[in-house]
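Need coordinates for the below:
(chains A, B, C and D)
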Number of protein chains: 4
Amino acid sequence: MIVIMRIGCSQDDISRVTNRIVDAGLRVYMPNGVERTVIGVVGQSFPGLRDALESLPGVDQVIPVARPYQLASREFHPEDTIIDVGGVTIGGREVVIMAGPCAVESDEQLMLTAQAVKAAGANVLRGGAFKPRTSPYEFRGLGERGLRILAEVGGEVGMPVVTEVMCPDDVDLVSQYADILQIGSRNMQNFVLLDEVGRTRKPILLKRGLSSNIQEWLLAAEYVLVQGNEKVILCERGIRTFENYARNTMDINAIPIVEKVSHLPVIADPSHATGKWYLVPPLALAAVAAGADGLLVEVHPNPDLALADGPQSLTFDNFRLLMSQLLPVVEARNRKLAISGVRVNP
Amino acid sequence: MIVIMRIGCSQDDISRVTNRIVDAGLRVYMPNGVERTVIGVVGQSFPGLRDALESLPGVDQVIPVARPYQLASREFHPEDTIIDVGGVTIGGREVVIMAGPCAVESDEQLMLTAQAVKAAGANVLRGGAFKPRTSPYEFRGLGERGLRILAEVGGEVGMPVVTEVMCPDDVDLVSQYADILQIGSRNMQNFVLLDEVGRTRKPILLKRGLSSNIQEWLLAAEYVLVQGNEKVILCERGIRTFENYARNTMDINAIPIVEKVSHLPVIADPSHATGKWYLVPPLALAAVAAGADGLLVEVHPNPDLALADGPQSLTFDNFRLLMSQLLPVVEARNRKLAISGVRVNP
Amino acid sequence: MIVIMRIGCSQDDISRVTNRIVDAGLRVYMPNGVERTVIGVVGQSFPGLRDALESLPGVDQVIPVARPYQLASREFHPEDTIIDVGGVTIGGREVVIMAGPCAVESDEQLMLTAQAVKAAGANVLRGGAFKPRTSPYEFRGLGERGLRILAEVGGEVGMPVVTEVMCPDDVDLVSQYADILQIGSRNMQNFVLLDEVGRTRKPILLKRGLSSNIQEWLLAAEYVLVQGNEKVILCERGIRTFENYARNTMDINAIPIVEKVSHLPVIADPSHATGKWYLVPPLALAAVAAGADGLLVEVHPNPDLALADGPQSLTFDNFRLLMSQLLPVVEARNRKLAISGVRVNP
Amino acid sequence: MIVIMRIGCSQDDISRVTNRIVDAGLRVYMPNGVERTVIGVVGQSFPGLRDALESLPGVDQVIPVARPYQLASREFHPEDTIIDVGGVTIGGREVVIMAGPCAVESDEQLMLTAQAVKAAGANVLRGGAFKPRTSPYEFRGLGERGLRILAEVGGEVGMPVVTEVMCPDDVDLVSQYADILQIGSRNMQNFVLLDEVGRTRKPILLKRGLSSNIQEWLLAAEYVLVQGNEKVILCERGIRTFENYARNTMDINAIPIVEKVSHLPVIADPSHATGKWYLVPPLALAAVAAGADGLLVEVHPNPDLALADGPQSLTFDNFRLLMSQLLPVVEARNRKLAISGVRVNP
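The predicted model follows:
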């Protein structure tokens, strides 16, 4: 940590700062000859100290030298994390395609969709049983019945399944059915929930919060990692900006940035990022071109009648078309599409 | 709901839209003579229908006529909601001052603070026992021990107490100690938690999410109201903007806007909105000048050594100074400072 | 325009609105049977009327039916605009690559760069002579000398040239040298400048403002179009978001959205969008995968020593590598790279 | 400037950085014993060097120690700047009220308004002659005729006048009529225009850009100051946020922050910040409570019929009411309302 003093600060101001650092059990170094007094802090500092120093008289800025996350950082863990889910690998050379309806509505709906997306090349089946909704008046999912359908269909078709868990009490229940636990963007900073899924050994698909920056996202991942669960898959799903033609703005920059600063795999969800089905294919291609390790795409047999998020779902035909366009882009990045996996939970 | 068609859409496009509306059990009206075809929807529509219509061919925009929240809306409930907490009224002519440390650290710390803020004119005692933290490496509060200290000190000094509840499982526990339950900004869209506190009959202090707009905030309040709990106090605590000198930007606009569109009381938290103690007094005065029904202010006996958020806390002296500056501003708005209340929970 | 009244508004409120509309020379229609009173406005309304109606008592919202731009809109002009610049076509099946240094520094620097980027497949030469800088203490470009170098090198190498014009007085001067006039993002709403370049018959490369939405961007294009200059090329160059690892966030969503709502070509500038050279290739690939009609890329013989924006410039080697990766992505979109053009200005 | 290296960077990486610094004519210091290698730069560095160092291998971050503005900074100029305009002082103990219509429409309109606002206590008359408009189809002002009316009415009534100048060519013309030159928010980074008004000796009212942070705003002020014009009045006029009930969000935080980091006076424009007349009074009171040195308020004899921005204008009655509410808030801050001034230009 480095403390930069104001021009014209007094000797007392400087002593107050150095004393405060020493009181905290750390050491001080003070280089000479710069434009203004700069005080270096030696040792393992902590967030509260930064704030405390910043409010002392004569202090201009306090600059943390270390990034606040460690387990999620590529500096401390240079090799890519590769996560195996029933034979599908995420974060390596393969590009994984997770597809399925926003919400599980019925056996038939999910079975039809699973067969169609698997035939087109998808590797993991998605489907929501618990749905977070901005308004209390909207459809909130089938609950445990939805989980059961998801697990059965995944087992029959031969695809691992991913679904969202919304509160700490449901982690055990959802873990009985799902191969990957999804944390939704509104829960990215639900720290009690992050602790709880960190205690499982399931892969965690962690969506980025709508207005979170990458550091906060990696700190949320750190909550999971610090509990001993090393299988975190980051998922960019659009951020809030001033443009509101689409529901959100896919932050494509985030994909190569995460690749640079973290070893965790990162995938993209163009369906939630745009909210409009006709924007999904160009954004899906863009995400993979930028280096995403996979996609999470909504597909529905009849999007117009879907109980949730129909207008952002692809039809089976559109999904097949997307998969055919995707292949040359995947190859242009010197990668390949993942092969099929199987359900992990029996 | 009103559907606006593109110029040059076909008769088929129009029929597809009107059929879809009729299939949903609603009626259609189609005025003549405007620049383009406009289709009105008569009856109680639902969010999914909007999205479905928006994705049909030939449709330019779909515009909801009704606001999506009702119980929180002033249109449906023109009179101000006034909430009584142990004799302190919130949302009426009185301006209520909630003050105390960010986190409860010890009996002495809290007792000293409670006595000081009460003597200076505060009406409600605040103090966190469960603290949400962006990083897993920071102090997370004393838990139930903190709740017990808070309740005891509130009882002795004679002040109702407010504290945060972070997960559904803790609602019963926190309700045994607190007079007002606080929902933090990161949990504004934790819908399971909103349902749960909606089932209590405690006043709920609902902080606005960092990047939420007012409609989303009122929809979060709607989650509580729809469960039968009518005692929601909104709390503006700063939003995220591109300016980062202060931690957040207090959205003072929100105060008169909420007053216009909702009947719920709205207070302001200048401590979290700024993160710097020297910005708290000007923002506190501004909030009350703009019409806030109260303030939530952090005060600490020794902010420099506080375990959480020290640099945004006022000393006792600075809090007394703020209270003296506040009085003429309160009177300029033709209001008065609230008188002291008592603990509601025995 | 549609006026939505509040529930419980009075008959007087309604009359005041309808009178105001009729006074403005327009007609009114009032459908029956909806949840609340809705008043339609028939005829060519104007922006001031909307605001005026919105502030009348009893009015809840006023909703414009028409988009505010017309000449830039695909509704009014369904066919793609294709712009020819010395044999390079922009907005058709070809993907155009504009490359060169941020600022023109010397004959040698520009000649070396032009030869290298042309050999690698670039079609248009870029180079700044007038540079807008956030701080008054930074390098502001060579001015007319830079223009002269740019034109000469473009002529010799056989590439049309694009450069920025920063103020109305310079439009004539810059037009004597440049084949395409660039309007920078900070000038997107410099309306006097837009008027002035609209009066030329040069192609205009219009960068999106850092915090502008797409409607404002198209309204800025409308300023140029309304003067009779139909050759506007839109350029997405990153928007401001809360993420600050990179300088800006490339809004990839904007590319397919612009394609949907406007007939104007749209290209992407990954160099300014990211500010870091190693993020340029993934973002360039992503933009083309999403459907961009071209790229604007900074290339410099020695980026480390560049007078402006060095760290976002590619070396010649990195540019060649990007071009080789780009080809399969271009083909995956069923497009082709543009062939070389020539200088238009003699 | 301080360069922070990555953990595990090589000795070569470190040498490359130190050589680059020395090549730029600066010196290096390297403290020992911290968590990672940190390299200090001694001497007057420049922005390009920061970017260059940041892109070298092994470098994690480069942190500027000095703020990039100097003339606008309170560190270099601790005393408040107080600007006299015809006897009205701005930036001292007085709170100045600038009022008038958005656009000058006619002699009568302006004379009526000027008499009314002066009688109610306003000190400076505002009125636009050149209006920037987002759409090319809106009213753009009376031009020089508007300036003449403004100057005449100001002279007759006895009030200094403020009006906007939109392009460098108009600076001389507008200077002949106006006592204060206003730079609009869309021109905050129109650097050619800033240079030009910096060459006059008129007070400059510099509005903050819609999405600018405070540092960029002060750098824009620096453009004026560096030309030798020390009379810059900053004006907060609302920023763009995700909330869109009001046109913009008044950044009240900015007022005490500017007071802390700069010596320049700062006023607030609640009319443009909200776009709705009924939000103007609460925001005006809030701005003054937060420490603003003045207000810029739109007032119109008949807001409903105004050619520009009618709905955000106060009627004469509402303006008088605001002034009466303002007085106790001004006194609560231990300040006083400014007395009347006179036209400076004959």
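
CA only for contacts and neighbour counts going forward, please
OK.

I'd like to know which elements whichever strand or helix holds A:L283 is packed against.
Per DSSP states H and E: A:L283 is located in helix A:280-289. Helix A:280-289 sits against helix A:270-274, strand A:294-298, helix A:316-332, helix C:280-289, with contacts defined as 3 or more C-alpha pairs under 8 Å, 6 or more residues apart in numbering or on different chains; DSSP states H and E.

now do 7 Å
helix A:270-274, helix A:316-332, helix C:280-289 (3 or more C-alpha pairs under 7 Å, 6 or more residues apart in numbering or on different chains; DSSP states H and E).

count of neighbours near A:D269?
Each residue near A:D269 was counted by other C-alpha atoms under 10 Å in any protein chain shown, and the total is 24.

pretty sure it is in contact with A:I239, am I right?
No: with contact defined as C-alpha atoms under 7 Å, A:D269 and A:I239 do not form a contacting pair (11.3 Å).

Give me the next element, helix or strand, following the longest strand belonging to chain A.
Longest strand in chain A by number of residues, with DSSP state E as the criterion: strand A:94-100. With elements assigned by DSSP H and E, the helix or strand that comes after strand A:94-100 is helix A:107-120.

Show me which residues of that next one are buried.
For helix A:107-120, the neighbour count (16 or more other C-alpha atoms under 10 Å in any protein chain shown) marks A:Q109, A:L110, A:M111, A:T113, A:A114, A:Q115, A:A116, A:V117, A:K118, A:A120 as buried.

give the contact list for the spatially closest residue to A:L125 that is not a sequence neighbour.
The shortest distance from A:L125 to any non-neighbouring residue, by C-alpha to C-alpha, 6 or more residues apart in numbering or on different chains, is to A:V161 (4.7 Å). The neighbourhood of A:V161, defined by C-alpha atoms under 7 Å, 6 or more residues apart in numbering or on different chains, consists of A:V124, A:L125, A:R126, A:A151, A:G154, A:A178, A:D179, A:I180, A:R343.

and if we set it to 8 Å?
By C-alpha atoms under 8 Å, 6 or more residues apart in numbering or on different chains, the residues touching A:V161 are A:V124, A:L125, A:R126, A:G127, A:L150, A:A151, A:G154, A:A178, A:D179, A:I180, A:R343.

Need the pLDDT of A:H77.
Note on A:H77: pLDDT of 88.

cool, and A:P346?
pLDDT, read off for A:P346, is 51.

likewise A:R320?
96.

residue contacts, the residue lying closest to it once chain neighbours are set aside?
Once flanking residues are discounted, A:R320 sits nearest to A:A120: 5.5 Å by C-alpha to C-alpha, 6+ apart. The contact partners of A:A120, taken as C-alpha under 8 Å, 6+ apart, are A:F319, A:R320, A:M323.

repeat for A:G291
So A:G291 contacts A:I255, A:P256, A:R333, C:P282 (C-alpha under 8 Å, 6+ apart).

Dump those residues to CSV, plus neighbour count.
Shown next, in CSV, are the contacts of A:G291 (neighbours: other C-alpha atoms under 10 Å in any protein chain shown):
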residue, neighbour count
A:I255, 25
A:P256, 21
A:R333, 19
C:P282, 25
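
Output those residues as TSV; include the columns pLDDT.
Supplementary listing: the contacts of A:G291 in TSV, determined by pLDDT from 0 to 100:
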residue	pLDDT
A:I255	97
A:P256	97
A:R333	92
C:P282	97
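
What is the nearest of the residues you listed to chain B?
A:I255 (21.7 Å; C-alpha to the nearest C-alpha).

quick check, the closest one in a helix?
Yes: counting by DSSP: H, G, I helix; E, B strand; the rest coil, one finds A:I255 located in a helix.

who are the neighbours in contact with the nearest residue to A:M111 once chain neighbours are set aside?
The spatially closest residue to A:M111, leaving aside those adjacent along the chain, is A:V153, at 5.8 Å (C-alpha to C-alpha, 6+ apart). The contact partners of A:V153, taken as C-alpha under 8 Å, 6+ apart, are A:D107, A:L110, A:M111, A:A114.

wait, doesn't A:G58 sit right on A:D12?
No: if you go by C-alpha atoms under 8 Å, A:G58 and A:D12 don't touch, sitting 9.0 Å apart.

Please say which of those two ends up with more neighbours.
Taking other C-alpha under 10 Å, A:G58 and A:D12 do not tie; A:G58 has more neighbours (21 against 11).

tell me the pLDDT at the more buried one?
In this prediction A:G58 is given a pLDDT of 84.

and what of A:M188?
95.

Chain D versus A:V59, what's the distance?
12 Å (C-alpha to the nearest C-alpha, to the nearest Å).

quick one, what contacts the residue nearest to that residue when sequence neighbours are not counted?
For A:V59, ignoring the flanking residues on the chain, the nearest one in space by C-alpha to C-alpha, 6+ apart is A:M5 at 4.4 Å. Taking C-alpha under 8 Å, 6+ apart, we find A:M5 in contact with A:I14, A:R36, A:T37, A:V38, A:I39, A:G58, A:V59, A:D60, A:Q61.

Kindly indicate which of the contacts of A:G291 lies nearest chain D.
Once C-alpha to the nearest C-alpha is applied, the member of those that ends up nearest chain D is A:P256, at 15.5 Å.

Quick check, the residue in the stretch 201-346 of chain A closest to chain D?
A:F242 (6.5 Å).

mind checking how far that residue is from A:S211?
According to C-alpha to C-alpha, to the nearest Å, A:F242 stands 12 Å off from A:S211.

and what of A:P78?
Computed as C-alpha to C-alpha, the A:P78 to A:S211 distance reads 28 Å.

Kindly report the same for A:V157.
Distance from A:V157 to A:S211, by C-alpha to C-alpha: 37 Å.

Please apply the same query to A:L283.
Distance, A:L283 to A:S211, by C-alpha to C-alpha: 19 Å.

same check, this time on A:Y245
Plainly put, A:Y245 is 17 Å away from A:S211 if you go by C-alpha to C-alpha.

the more surrounded of those two?
Taking other C-alpha under 10 Å, A:Y245 and A:S211 do not tie; A:S211 has more neighbours (20 against 16).

Beta-bridge partners for A:I183, please?
Judged by DSSP bridges, the bridge partners of A:I183 are A:L206.

Give me the neighbour count for it.
By other C-alpha under 10 Å, 26 other residues sit near A:I183.

Can you pick out the most distant pair from the contacts of A:G291?
Farthest pair in the contacts of A:G291 (C-alpha to C-alpha) is A:I255 and A:R333. Separation: 13.7 Å.

What does the pLDDT read for the closest residue to the residue of the stretch 201-346 of chain A closest to chain D other than its chain neighbours?
With sequence-adjacent residues excluded and distances taken as C-alpha to C-alpha, 6+ apart, A:F242 is closest to C:N213, at 6.0 Å. In this model, C:N213 is scored at 94, pLDDT.

A:T274 too?
What the model reports as pLDDT for A:T274 is 92.

Might one say that it is in contact with C:N253?
Yes: counting by C-alpha under 8 Å, A:T274 touches C:N253, with 7.5 Å between them.

Tell me how many other residues crowd the residue of the stretch 1-150 of chain A found nearest chain C.
Nearest residue of the stretch 1-150 of chain A to chain C: A:R67, at 12.2 Å (C-alpha to the nearest C-alpha). Using other C-alpha under 10 Å, A:R67 has 11 other residues around it.

Need the three-state assignment for it.
Here A:R67 is recorded as coil under three-state DSSP.

for stretch A:335-345, the distance to its chain's centre please.
The chain centre lies 20 Å from the centre of stretch A:335-345; the measure is C-alpha atoms, centre = their mean, to the nearest Å.

so, in contact with chain C or not, that stretch?
No: using C-alpha under 8 Å from any C-alpha of the partner chain, stretch A:335-345 never reaches chain C; the gap is at least 12.6 Å.

export that stretch as CSV, just CAs?
Extracted as CSV, the C-alpha positions of stretch A:335-345 are listed here (Å, rounded to 0.1, in the frame of the first residue of the first chain):
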residue,chain,number,x,y,z
ARG,A,335,-10.2,-24.2,-30.8
LYS,A,336,-12.8,-26.9,-31.2
LEU,A,337,-16.4,-27.5,-30.1
ALA,A,338,-16.7,-29.7,-27.0
ILE,A,339,-17.9,-33.2,-27.4
SER,A,340,-20.9,-34.5,-25.6
GLY,A,341,-20.8,-35.2,-21.9
VAL,A,342,-23.0,-37.2,-19.5
ARG,A,343,-24.9,-36.5,-16.3
VAL,A,344,-22.6,-36.6,-13.3
ASN,A,345,-25.3,-37.1,-10.7
